[in-house]
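Asks: Sequence and predicted structure below; questions after.
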Amino acid sequence: MSALAVRGLDKSFGGLRVTSSVDLEVEPGERRLIIGPNGAGKTTLFNLITGELRPDRGAITLFDRDITRIPSRRRAHLGLARTYQIITLFPRETLLGNVTLSLLGLSRLRWNPCVALRRQAGLVARAHEVLARVGLESLAERPLAQTSYGERRRVEIAMALAQRPRILLLDEPFAGLSTEERRDAVADVVRREVADRPVHNQLTVVPLDAPTEAEEIT
Amino acid sequence: MKPAVVAVAVAVAAAVPFWVGGLYYVNIASQILLYAIFALGINVLVGYAGLVSLGHAGLLGIAAYAAARILGGGHGHLAGVVGGVAVTLVASGVFAALALRGSGLGFVMITVALGQIVWGVAYRWISLTNGDNGITIQGRPRPFGLSLASPPAFYWATLAVFLVALGSMAVFVRSPFGASVRGTRDQPRRMNALGYHVWMIRFLAFVFSGFWSGVAGVLYLYYNQFVSPQAVALTASAEALLMVIAGGTATLLGPIAGAALVVVMKNVASAYIERWNFVLGAIFVAIVVFMPEGLVPGTARLARWALARGR
């Protein structure tokens, strides 16, 4: 059984064929890197896998389940999580609030209009735990708007890690960071949380950046 | 906010008929509260969900017309109130389903169109709405045997409903669902990828907003004992939207301050200045220039600034 299989994936924007018959098969626990020059369609491939775009042709399966036609939000519930190359976070919320929203996304609690979110001890504790894993525990109560770019990069990863995904797609996790920054905080997180973890039911697809962290280059 | 502050504020509000000096001002206070309920409802959509509606007077009007028709049909006040709000809930669902086909300006334009349809029905469908003459109702309800005929009694009843509305907002804002709604405002794309049903969250926010618009509509009917197409005109929607924006979107107290500002200007200032609309416009321009975030957050910012300078 493959964790993620992509077969004959086609996507055109107008006359521009962005992905043409892409085939990809990834085993559980495997870590893959997708590389290509700017405009090669790496992010488009991610958008197709996560369902933010609909393919013109082809099929995507997640643990042998066909997900080609199901909406993005349901794919998240099936264990697919991603980060964004362009920071896509909640600027008015605190770091804790950002990670809590990520946890809430997979919880039935997200529909509850009657209880106080801050009092959901289990959820808040898990959010703190995830922030600690990316080294941002001390900034939990700080509004996202008051954090540095490097810190936001780590929050991006924390958002995806919080959902305990079975498949994790990291879209250029080092985008916009200088080489020194890559070597410290963000790289540490990626290495510790993604690359060095023992083989488990998690796969990572890391495009373009950080070839050292992946096992196989596609 | 501290419970003591809330208790004092409620006590001051409850004592309004004793200190405000005259039944005329008690009626103004009732108007402020009923428009505050309406503005709080709109704020759910405009402030927390980030969806600007210019058709909410249509929802308020639907509630008022529906209740007026039910009362006119010889049914009791309970049927009028419940029926008015129920019809508005259904109408909100229809409005939401149609308006949510667009986003941004598209959403605004669809709400304008829906509001104008309601206005057209109110104005032209004479057999249903009595057209330009409007519908007059006889008397106010007597919940638990207490007559609401006198201005103070109606004020206290409105205050009670207002406190329930404000309480429901306070709970909603702090709840997981409130966080979901704000999330769809700030990052709908990420929310979708995180597993949220963005459309459904927005739909429910719209219906919640419509519910309080409906409650405000029933209060509007009982306050005026009359409803006419004027209540559902585009200017009524714009005025209500201005209340929310002037007071401060996505705040609990902003819509209340905005409602107070508009109602006071409309009633009190118009007694002294003929061109009160000009004064209201000038105040809005001043708010946009000096406190673009709205009166309540703007005043808080100025107070913090003054305190910091004072030290």
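Replies: Now that the structure is in, tell me what you want to look at.
Asks: who touches the most centrally placed residue in chain B in this structure?
Replies: Against the mean C-alpha coordinate of chain B, by C-alpha atoms, centre = their mean, the closest residue is B:Phe38 at 1.1 Å. Going by C-beta atoms under 8 Å, 6 or more residues apart in numbering or on different chains, B:Phe38 touches B:56, B:60, B:212-213, B:216-217, B:220, B:240, B:243, B:259. (Glycine included, C-beta is placed from N, CA and C.)
Asks: Which secondary structure element of chain A has the lowest mean pLDDT?
Replies: Comparing every helix and strand of chain A by mean pLDDT, DSSP states H and E singles out strand A:216-217 as the least confident one, with a mean of 45.
Asks: Chain B too?
Replies: The weakest-scoring helix or strand in chain B, judged by mean pLDDT, DSSP H and E, is helix B:270-272 (a mean of 82).
Asks: Starting from that one, tell me the next helix or strand along the chain.
Replies: Using DSSP states H and E, the helix or strand that follows helix B:270-272 in sequence is helix B:276-290.
Asks: List the buried residues in the top helix by length along chain B.
Replies: Longest among the helix segments of chain B by residue count, using DSSP state H, is helix B:198-224. Neighbour-count burial for helix B:198-224, with 16 or more other C-beta atoms under 10 Å in any protein chain shown as criterion, is recorded at B:198-199, B:201-224.
Asks: same thing with stretch B:108-124?
Replies: Neighbour counts over stretch B:108-124 (16+ other C-beta under 10 Å) mark B:108, B:110-112, B:114-116, B:118-119, B:121-123 as buried.
Asks: And the contacts of that stretch?
Replies: For stretch B:108-124, contacts defined as C-beta under 8 Å, 6+ apart pick out B:52-58, B:61-62, B:65, B:95, B:98-99, B:101-102, B:128-129, B:131-132, B:228-229, B:231-234, B:237.
Asks: can you tell me the average pLDDT over that stretch?
Replies: The average of the pLDDT scores along stretch B:108-124 is 93.
Asks: now it, how far from the centre of its chain.
Replies: On the basis of C-alpha atoms, centre = their mean, to the nearest Å, the separation between the geometric centre of stretch B:108-124 and that of its chain is 18 Å.
Asks: nearest spatial neighbour of the residue nearest the centre of chain A, skipping sequence neighbours?
Replies: If you average the C-alpha coordinates of chain A and look for the closest C-alpha using C-alpha atoms, centre = their mean, you land on A:Arg82, 1.9 Å from that point. The shortest distance from A:Arg82 to any non-neighbouring residue, by C-beta to C-beta, 6 or more residues apart in numbering or on different chains, is to A:Leu169 (4.1 Å).
Asks: so that neighbour makes contact with A:Thr50?
Replies: Yes: in this structure, A:Leu169 sits in contact with A:Thr50. The criterion is C-beta atoms under 8 Å, and the distance is 6.8 Å.
Asks: hey, what's in contact with both of these two?
Replies: Among the neighbours of A:Leu169, those also in contact with A:Thr50 (C-beta under 8 Å, 6+ apart) are A:80, A:82.
Asks: More neighbours: those two, which one.
Replies: Residue environment comparison for A:Leu169 versus A:Thr50 gives the larger neighbour count to A:Leu169, 25 against 21, counting by other C-beta atoms under 10 Å in any protein chain shown.
Asks: count of residues packed around B:Leu234?
Replies: Counted with other C-beta under 10 Å, the burial measure for B:Leu234 works out to 15 neighbours.
Asks: can you map out the strands along the chain?
Replies: With no chain named, the answer covers chain A. Ranges of strands within chain A are A:4-13, A:16-26, A:31-34, A:57-62, A:65-66, A:80-82, A:167-169, A:203-207, A:216-217, based on DSSP state E.
Asks: Correction: the question concerned chain B.
Replies: According to DSSP E, the strands that chain B contains are B:135-136, B:226-227.
Asks: Let me have these in TSV, adding mean pLDDT and distance to chain A as columns.
Replies: Listed next are the strands of chain B as TSV, based on pLDDT from 0 to 100; distance: least, C-beta to the nearest C-beta, whole Å:
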stretch	mean pLDDT	distance to chain A
strand B:135-136	86	34
strand B:226-227	91	30
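Asks: deepest of these, which one?
Replies: Of all the strands of chain B, strand B:226-227 has the most neighbours on average by mean count of other C-beta atoms under 10 Å in any protein chain shown, namely a mean of 22.
Asks: Name the surrounding residues that touch that strand.
Replies: For strand B:226-227, the surrounding residues in contact (C-beta under 8 Å, 6+ apart) are B:61, B:64-65, B:68, B:134-137, B:220-221.
Asks: Are any of the contacts of stretch B:108-124 buried, and if so which?
Replies: Of the members of the contacts of stretch B:108-124, the ones counted as buried by neighbours, 16+ other C-beta under 10 Å, are B:52-58, B:61-62, B:65, B:95, B:99, B:129, B:131, B:228-229, B:231-233, B:237.
Asks: Let's see which of these end up in helices.
Replies: Residues from those lying in helices, with DSSP H as the criterion: B:56-58, B:61-62, B:65, B:95, B:99, B:129, B:237.
Asks: quick one: A:Thr61 from chain B, how far?
Replies: As defined by C-beta to the nearest C-beta, to the nearest Å, A:Thr61 lies at a distance of 19 Å from chain B.
Asks: quick one: the helices in chain A?
Replies: A:42-50, A:72-77, A:95-104, A:121-133, A:149-162, A:179-181, A:187-190.
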